[in-house]
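[1] quick one, fold the following:
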Amino acid sequence: MNKNLNNRILGSAAACFVLGLAATPQSPAAVSDEDFNALKNMVQQLQQAHDQDQQQIQKLQQQLGDTQGVANNAAEKANSLAAPGRSALHNFTMVGDAEIQYGKTFGNNSKNGLFLADFAPIFLFQANEKVLFEAGFDITVQNGVGPGPLNGGGSPIGTHASGSSTAIGMSFGQLDYLFNDYITFVGGYMLLPLGTYSERAAGMLNKIPDDPLGREFLPGAGAGVQLRGAIPIGQSGQALTYAVYGANGPSSADGTAANGQLDLGGNVGINSDGSTGNLHSAPSGGARIGWFVPWGGAHKDLEIGLSGQRGVWDDAGDYYWSAAVLDASLHIGPNFELKGEYINSWTETSDSGMLHPWALWGQAGYKLVGLNLDMPIVNDIELVGRFDTEDDAQGTKTDRYTLGYIYYLTNTLLFEGDYEFIHSTGPNALPPNFLVLQLSYGF
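    Residues are numbered from 1 along each chain as shown. I've put the predicted structure just below:
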């Protein structure tokens with residue numbers, strides 16, 4: 001359209017010039033040099049405007065072609081995703097971590113050695129906007145695995161004769177369905193929200209290589225169903241988080257409620273002889289409620305949670321096991337973190353009455369980059385410390401103080417070192433002190 005308009009302007013100017021010449025009497029001074037040059041300049045300006053319009057049209061045509069190319073590529077990608085067999089690949093992700101540890105105990109006939117190599121992949125598959133499947137595994141190499149007194153005789157477990165093997169276990173495998181922004185359904189072998197450690201701090205997310213004391217008093221996962229979500233409070237970013245679940249719960253190693261027979265992870269719904277059915281008929285019920293409060297800007301928040309679980313644990317269904325956990329975490333900027341849990345559990349027994357194991361742990365971490373020093377190596381270090389204590393209700397009491405560091409080789413490759421000062425008394429007392437080094441990689 002611009003091209004036709006400019007052609008018309010040029011044509012009209014030329015016609016007016018010719019008509020002007022025709023209508024003017026012939027005389028030497030009919031058209032002055034000044035008028036002629038002014039008309040000449042006007043024609044040149046019109047020609048320049050015409051050329052600029054042509055360039056603009058070509059540019060717009062090129063942009064239109066690029067836009068059509070992008071649209072075609074997007075359509076091809078959409079078609080490829082919709083094609084059978086392709087969407088599964090695009091919606092599948094594997095994350096996780098791998099660790100290798102070296103440890104040395106001091107006292108009690110200590111031994112050195114590489115005692116753990118672990119690979120923990122997590123597989124995620126998103127079927128659509130509402131359905132997600134996730135499963136986590138632990139693959140470890142261990143010594144002394146073979147027939148022994150715990151499984152039917154043969155060479156004792158832990159001897160040279162029993163060799164070594166690779167152990168593979170499923171940490172969790174669950175299906176998540178998002179009803180809406182506030183409710184998610186979870187079903188399967190799921191992580192249990194007893195505290196926050198199992199869901200948020202295990203593996204590479206744990207800034208100290210070993211678990212805090214007291215986590216052995218709680219099941220990490222269970223077979224069942226769960227409803228969970230978060231409800232915003234006002235406009236300040238506060239939220240009320242919740243989880244309600246039913247699971248198979250703990251069981252007994254021999255079916256009775258005798259002291260020492262509690263098995264926190266043995267009742268998952270399929271018997272060892274292949275028959276189906278729970279070891280006892282009554283599942284456990286549990287819940288967690290939490291309050292998340294951001295304050296003072298980014299990376300500053302406080303969360304407090306209370307959780308618990310209760311259910312029978314012997315085959316007859318006459319004795320109960322229950323637990324309660326108070327958890328808290330505090331972030332003061334991006335470089336300081338403080339968190340911990342207070343753990344209580346109660347086990348009814350047929351021969352020892354009510355047992356009450358309990359534990360308390362608190363852990364802090366500070367990234368030295370917060371000191372604003374111009375020292376690259378120092379800025380890649382995070383200092384960590386932890387205090388934990390427990391009473392197993394079996395006569396053993398332990399206090400432990402841990403000091404350590406994390407050196408961030410990259411954001412996902414970490415070199416960790418910790419020294420633990422241990423004061424433990426009783427029949428299951430731990431060695432006096434322990435040094436552990438770990439190289440871990442997250443992916």
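[2] going by C-alpha atoms from here, please, whenever you check contacts or count neighbours.
    Noted.
[3] count the neighbours of F106 for me.
    Neighbours of F106 under the rule other C-alpha atoms under 10 Å: 13.
[4] next SSE after the helix or strand where S329 lies?
    Per DSSP states H and E, S329 falls inside strand 320-332. Later in the chain than strand 320-332, the nearest helix or strand by DSSP H and E is strand 336-348.
[5] how close does Q309 get to P219?
    Distance of Q309 to P219, given as C-alpha to C-alpha, to the nearest Å: 10 Å.
[6] between the two, who's got more neighbours?
    Neighbour totals were compared for Q309 and P219, and Q309 leads with 25 against 20 (other C-alpha under 10 Å).
[7] OK, contacts around that one?
    194, 284-287, 322-324 (C-alpha atoms under 8 Å, 6 or more residues apart in numbering).
[8] number of nearby residues for the nearest residue to it once chain neighbours are set aside?
    Distance criterion C-alpha to C-alpha, 6 or more residues apart in numbering; nearest residue to Q309, sequence neighbours excluded, is G286 at 4.0 Å. The tally of other residues near G286 (other C-alpha under 10 Å) stands at 22.
[9] tell me what the strand or helix carrying G286 is packed against?
    In this structure, G286 sits in strand 284-294 according to DSSP H and E. Judged by 3 or more C-alpha pairs under 8 Å, 6 or more residues apart in numbering; DSSP states H and E, strand 284-294 is in contact with strand 238-247, strand 300-312.
[10] ok, then the element right after the shortest one?
    Proceeding N to C from strand 238-247, the next assigned helix or strand is strand 251-252, under DSSP H and E.
[11] strand partners (parallel or antiparallel) of that next one?
    strand 262-263 (antiparallel) (DSSP bridges).
[12] who does the strand holding S329 pair up with?
    Partners of strand 320-332, by DSSP bridges, with direction: strand 300-312 (antiparallel), strand 336-348 (antiparallel).
[13] hmm, who's touching the last one?
    For strand 336-348, the surrounding residues in contact (C-alpha under 8 Å, 6+ apart) are 195, 214, 217-218, 257, 319-331, 354-367.
[14] next SSE downstream of it?
    Counting by DSSP H and E, what follows strand 336-348 is strand 354-355.
[15] rewinding a little: quick one: closest of the helices and strands packed on strand 284-294 to K104.
    With C-alpha to C-alpha, the closest approach to K104 among the helices and strands packed on strand 284-294 belongs to strand 300-312: 35.5 Å.
[16] now render the strands paired with strand 320-332 as JSON lines, adding mean pLDDT and distance to S165.
    JSON lines is the format used below for the strands paired with strand 320-332 (pLDDT from 0 to 100; distance: least, C-alpha to C-alpha, whole Å):
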{"stretch": "strand 300-312", "mean pLDDT": "96", "distance to S165": "35"}
{"stretch": "strand 336-348", "mean pLDDT": "97", "distance to S165": "34"}
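[17] quick revisit: closest to D118 out of the contacts of Q309?
    Distances from D118 to those, taken by C-alpha to C-alpha, are shortest for L194, at 24.1 Å.
[18] surely that closest one meets G290?
    No: if you go by C-alpha atoms under 8 Å, L194 and G290 don't touch, sitting 11.4 Å apart.
[19] ok, the most centrally placed residue in the chain to L403 distance?
    Central residue of the chain (C-alpha atoms, centre = their mean): R200, 7.1 Å from the mean position. Per C-alpha to C-alpha, R200 is found 21 Å from L403.
[20] where does the stretch 101-250 of the chain dip in pLDDT?
    108-114, 144-163, 202 (pLDDT under 70).
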